[in-house]
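>>> model the following, please.
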Amino acid sequence: MSFAKLIAEIRNEHEQGRGASRRLRRDGKVPAIVYGAHADAVAVKFDHNTIFHALKKEAFHTSVLDVEINGKSEQVVLRDFHFHAFRPEVLHLDLQRVSATEEIHMSIPLHFINEDTSVAVKTQGAHITHVATDVEVRALASNLPQFIEIDLAQFQAGQSLHLSDLVLPAGVRLEKLLRGEDAVLVIAAGIAEVADVEFVAPSDVPAEKGTTAE
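Below you'll find the predicted structure:
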């Protein structure tokens, strides 16, 4: 999914600081910082409603975004954002510049498909547990996926799926695998049957040696 170019305005020295940020928000702006790629950090501001609605879309969090700052386009990824505790208000954004020649680290969501119709659920009475809902990847910006799909159609009861089982796009590597950690992502566990156990009343329990049954 592609997003329209985001238009940022540079914040002057009077628009920086806690009090200035509050005034910007009252004026319908979101204060932000753009940093990285061996260049100086720049304090900017965005239209609040544009950012508010964009943050509702999953792809906005994993896409390479085009930002125009003073007429110059830069490619960035969203690194952090803050919402007000109880108001529908975006407080701040952190955006990191990306380089065409340097890999970046990103958290990418997992999309599980065919779970309800999988062999494990439909015919074997198992239930599927998601151990992870996203993975950390390393890739060039041009290879960065917006999500990684996992097809559970043939998943069997008792089976587990690990990081090493994922089918990755070209040029994408998993951070944990690079560190030698082949973590579990999803498990299909059978539903344990509780056996009927005959209840034994306390009066029917034979007394132990050396004691007297009351």
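
>>> the helix-or-strand element of the chain with minimal mean pLDDT packs against which elements?
Using mean pLDDT, DSSP states H and E, the weakest-scoring helix or strand in the chain turns out to be helix 18-26, at a mean of 89. Packing partners of helix 18-26 (3 or more Cβ pairs under 8 Å, 6 or more residues apart in numbering; DSSP states H and E): strand 29-36, strand 90-97. Yep, even glycine has a C-beta here, placed from its N, CA and C like the rest.

>>> any idea of the angle the longest strand anywhere in the chain forms with strand 90-97?
Scanning the chain for the strand with the most residues, using DSSP state E, yields strand 72-83. Going by axes from the mean of the first three to the mean of the last three Cα atoms, to 10 degrees, strand 72-83 is angled at 140 degrees with respect to strand 90-97.

>>> so which elements touch strand 72-83?
Strand 72-83 sits against strand 65-69, strand 90-97, with contacts defined as 3+ Cβ pairs under 8 Å, 6+ apart.

>>> so which of those strands is nearest Asp151?
Distance to Asp151, taken as Cβ to Cβ, is lowest for strand 65-69 among the helices and strands packed on strand 72-83, at 28.9 Å.

>>> mean neighbour count, the helices and strands packed on strand 72-83: which tops it?
strand 90-97 (a mean of 19; mean count of other Cβ atoms under 10 Å).

>>> quick check: mean pLDDT across the helix or strand that that one is followed by?
Using DSSP states H and E, the helix or strand that directly follows strand 90-97 along the chain is strand 104-113. If you average the pLDDT over strand 104-113, you get 96.
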